[in-house]
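Asker: Only the shape, not the letters, is given here:
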């Protein structure tokens with residue numbers, strides 16, 4: 001039975017148990033099929049004649065066996081050569097711990113390939129399951145395969161876990177988070193917790209998508225004397241009590257119960273942590289590797305920085321596995337309209353303070369916006385709309401850049417980053433958060449940027465060595481004109497491939513577009529003769545920005561556009577690097593005209609296909625096409641290149657994918673055209689929409 005990657009007509013998902021003769025095809029995963037065995041045994045073998053072909057290549061095993069089989073525990077093995085990829089067309093079947101010199105890092109292993117994780121953290125999905133319509137719930141996990149995520153990190157309290165989160169295609173990293181803090185170790189509480197863990201492991205252990213268990217969210221840091229390289233003031237007695245609390249609940253209880261119920265999967269001590277130095281279930285011995293849980297040499301780490309210029313990748317620390325990073329943003333006005341009054345729509349309103357659960361979060365958002373943009377004029381009737389759009393743009397640019405940086409660190413000596421998971425995938429209500437998908441399923445700008453950052457072939461223009469300091473004052477439009485210094489800035493270009501096979505030839509080109517003239521002022525290109533499977537290739541060594549820019553052109557006057565691709569259309573990719581904050585760019589002059597032609601084609605199933613053709617008279621950064629109708633676009637929040645003039649490019653083609661269930665009327669084309677809008681948070685534009 002075929003399973004479309006983006007349909008939402010299914011009932012609430014259930015754990016499916018099928019015979020070996022019944023398979024469920026997963027459309028976005030190519031030829032790979034998932035099989036649900038009738039038995040609930042997590043160790044049921046997969047018959048050889050039921051395995052399935054995957055992408056072939058000299059560097060990796062050409063076959064991946066997928067089925068109702070748990071992933072074996074992480075096994076230590078020596079790192080050899082350049083390893084690392086995301087599971088674009090295969091689901092991972094094994095997890096290994098790949099060891100470097102005096103350090104460890106974790107990776108999925110499928111066949112003979114060590115594969116990196118590109119993913120997001122899903123938060124409190126029981127709330128989503130119980131309080132959102134089923135079709136809206138499906139949108140969250142259906143979005144992962146659409147942007148080639150390989151793992152979801154599910155943060156939940158075990159007793160409330162619902163089965164709907166274990167029926168989609170991506171693997172799951174499951175937290176027994178217990179609120180993310182210390183807990184009592186009295187006998188009644190420990191006994192109750194052991195029962196909850198046991199029941200839930202028995203319920204989900206036989207599902208093929210479960211990758212590993214995690215003991216706690218940020219639990220080890222309560223017993224650490226060093227964090228982020230800085231000593232923590234904690235008395236010996238307090239640390240001893242915290243260590244006993246942690247050991248009683250998470251080692252003696254959670255770790256022991258999980259090991260007894262499902263020894264086939266790895267148990268990570270805590271997130272973040274340095275993992276276990278000794279982990280022997282037979283001996284019942286679990287010895288933590290102590291030290292800074294946010295260090296980069298062992299286990300996983302996390303990084304949050306709300307004040308730096310986030311397009312500068314030198315601001316990010318190296319890590320073997322980066323399990324959390326992120327920036328906040330507000331959801332769209334479409335989502336907020338249902339829960340706000342006109343007087344609520346201000347970043348410093350009583351309502352905004354009430355729903356902002358991150359300390360000083362709204363002030364931080366205003367400061368983050370000021371790094372890139374002029375603050376909206378408070379007297380403007382649409383100042384809150386602009387504020388919201390700025391938060392989404394900053395979040396998208398920052399998380400996209402950090403994700404690309406970690407993907408490019410796979411083979412870097414000293415880091416060998418084999419996975420990254422941004423915080424967070426979903427919202428649980430209509431409020432500011434770190435999510436890339438709003439409550440109800442609407443995509444923020446971030447989710448479109450992540451879709452591009454997680455492509456199988458990705459080109460990464462890395463900016464380093466800049467300085468940007470936001471002003472403490474947000475009352476003036478002129479206070480932050482000279483706080484960004486590109487004097488020491490450098491730019492390098494890296495090509496990242498997560499393909500399971502080598503690509504014979506990849507053409508890479510990079511051009512500099514001038515904002516004022518909307519023309520190309522410099523261009524260069526090269527050919528990567530052979531792009532190995534699962535690799536990172538340096539296309540342009542780190543070069544001084546002043547050398548890269550033509551004489552007389554400043555960083556504030558140009559944008560770098562990089563494109564790469566092989567013979568296969570799926571291997572085509574493009575990326576851009578904004579060389580300065582948008583507030584420093586001179587966008588004076590005639591407003592760009594963006595014209596959108598909508599073409600609607602009727603389908604045999606009474607549905608419609610909606611395609612958009614976009615033209616622009618000039619460069620438009622962060623162009624966002626929007627509709628209040630339920631659905632998403634094939635791409636969004638992108639740099640629109642001019643389709644007229646001496647360096648005109650082809651029109652931008654988009655598709656609108658509506659979210660309609662079986663039995664519901666299709667999207668009304670006329671209503672879509674009438675409500676379609678396009679905006680740029682960085683530049684004032686004129687928009688014309690017409691139907692072909």
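Answerer: Thanks, I have the structure now. It should be emphasised that the depicted structure is a prediction, and the values quoted were computed from it without experimental measurement.

Asker: Run through the strands of the stretch 201-350 of the chain in chain order.
Answerer: With DSSP state E, counting those that start in this stretch as the criterion, the stretch 201-350 of the chain has strands at 210-214, 226-227, 230-231, 266-268, 276-280, 285-288, 301-303, 322-325.

Asker: So residue 522 versus residue 439, what's the distance?
Answerer: With the distance defined as CB to CB, to the nearest Å, residue 522 ends up 44 Å from residue 439. For the C-beta atoms, the positions are set from N, CA and C on the backbone; glycine is no exception.

Asker: do residue 660 as well
Answerer: Residue 660 sits 19 Å away from residue 439, taking CB to CB as the criterion.

Asker: Okay, now the unreliable bits of the protein?
Answerer: Low-confidence segments of the chain, defined by pLDDT under 70, are located at 1-119, 122-175, 177-182, 379, 381, 468-483, 604-606, 661-663.

Asker: Let me see the ranges of the helices in it.
Answerer: Listed in chain order, the helices of the chain (DSSP state H) span 125-131, 134-146, 187-204, 236-246, 256-261, 333-336, 350-355, 361-372, 383-408, 445-453, 545-548, 669-675.

Asker: Identify whichever of those helices lies nearest to residue 499.
Answerer: helix 383-408 (13.1 Å; CB to CB).

Asker: I'd like the distance from that closest one to the chain centre, please.
Answerer: Distance of helix 383-408 from the chain centroid (CA atoms, centre = their mean, to the nearest Å) equals 11 Å.

Asker: got the angle between it and helix 361-372?
Answerer: Regarding helix 383-408 and helix 361-372, their directions subtend 70 degrees when assessed with axes from the mean of the first three to the mean of the last three CA atoms, to 10 degrees.

Asker: Summarise which helices and strands helix 383-408 is packed against.
Answerer: In terms of contacts (3 or more CB pairs under 8 Å, 6 or more residues apart in numbering; DSSP states H and E), helix 383-408 is packed against strand 322-325, helix 333-336, helix 361-372, strand 419-423, helix 445-453, strand 457-464, strand 490-497.

Asker: Compute the distance between residue 617 and residue 265, please.
Answerer: Residue 617 sits 56 Å away from residue 265 when distances are taken as CB to CB.

Asker: next one: residue 392
Answerer: Residue 392 sits 36 Å away from residue 265, taking CB to CB as the criterion.

Asker: higher neighbour count, the two?
Answerer: Between residue 392 and residue 265, counted using other CB atoms under 10 Å, residue 392 has the larger neighbour count: 25 against 22.

Asker: In contact with that one, which residues?
Answerer: With contacts taken as CB atoms under 8 Å, 6 or more residues apart in numbering, residue 392 has the following neighbours: 329, 330, 332, 444, 445, 446, 637, 681.

Asker: The first one reaches residue 399, doesn't it?
Answerer: No. Using CB atoms under 8 Å, residue 329 makes no contact with residue 399, being 9.6 Å away.

Asker: Show me the beta-bridge partners of residue 680.
Answerer: For residue 680, the beta-bridge partners are residue 623 (DSSP bridges).

Asker: Tell me which residues touch it, please.
Answerer: Contacts here follow CB under 8 Å, 6+ apart; on that basis residue 680 touches 620, 621, 622, 623, 624.

Asker: Do I have it right that the first one meets residue 637?
Answerer: Yep, that's residue 620 we're talking about. No. Assessed by CB under 8 Å, residue 620 is found out of contact with residue 637, at 11.2 Å.

Asker: Could you check how far residue 623 is from residue 584?
Answerer: 20 Å.

Asker: What of residue 367?
Answerer: As defined by CB to CB, residue 367 lies at a distance of 17 Å from residue 584.

Asker: Which residue of those two possesses the greater neighbour count?
Answerer: residue 584 (20 against 17).

Asker: For that one, which non-adjacent residue is spatially closest?
Answerer: Take residue 584 and drop its neighbours on the chain: the residue closest to it by CB to CB, 6 or more residues apart in numbering is residue 556, 4.5 Å away.

Asker: wait, what's in contact with the one you found?
Answerer: Taking CB under 8 Å, 6+ apart, we find residue 556 in contact with 579, 580, 584, 585, 586.

Asker: Likewise for residue 566?
Answerer: By CB under 8 Å, 6+ apart, residue 566 lies in contact with 457, 503, 504, 505, 506, 507, 531, 572.

Asker: One more pass at 7 Å, please.
Answerer: With CB atoms under 7 Å, 6 or more residues apart in numbering as the criterion, the residues that contact residue 566 are 503, 505, 506.

Asker: of these, closest to residue 313?
Answerer: residue 506 (21.7 Å).

Asker: Who does the closest one form a beta bridge with?
Answerer: Under the criterion DSSP bridges, residue 506 forms beta bridges with residue 528.

Asker: That one: neighbour count?
Answerer: Here the neighbour count serves as a burial measure; for residue 506 (other CB under 10 Å) it reads 23.

Asker: Test my guess that it contacts residue 563.
Answerer: No. Proximity of residue 506 to residue 563 does not meet the contact threshold set by CB atoms under 7 Å, at 10.6 Å.

Asker: and the residue nearest to residue 250 when sequence neighbours are not counted, how far is that from residue 242?
Answerer: When the adjacent residues along the chain are set aside, residue 250 lies closest to residue 215, with 4.4 Å between them (CB to CB, 6+ apart). Spatial separation of residue 215 from residue 242 under the definition CB to CB is 15 Å.

Asker: same check, this time on residue 683
Answerer: Residue 683 sits 52 Å away from residue 242 when distances are taken as CB to CB.

Asker: One more: residue 686?
Answerer: From residue 686 over to residue 242 (counting by CB to CB), the distance is 60 Å.

Asker: just residue 531 next, same as before
Answerer: The span separating residue 531 from residue 242 equals 49 Å under the rule CB to CB.

Asker: The two: who's more crowded?
Answerer: In this comparison of residue 531 against residue 242, neighbours counted by other CB under 10 Å, the higher total goes to residue 531 at 23 against 18.

Asker: quick one: that one and residue 501 touch, right?
Answerer: No. With contact defined as CB under 7 Å, residue 531 does not reach residue 501; the gap is 9.7 Å.

Asker: Burial check on the residue nearest to residue 609 when sequence neighbours are not counted, number of neighbours?
Answerer: Distances taken as CB to CB, 6+ apart place residue 601 nearest to residue 609, at 4.4 Å, with adjacent residues excluded. Applying the criterion other CB under 10 Å, we find 10 residues in the vicinity of residue 601.
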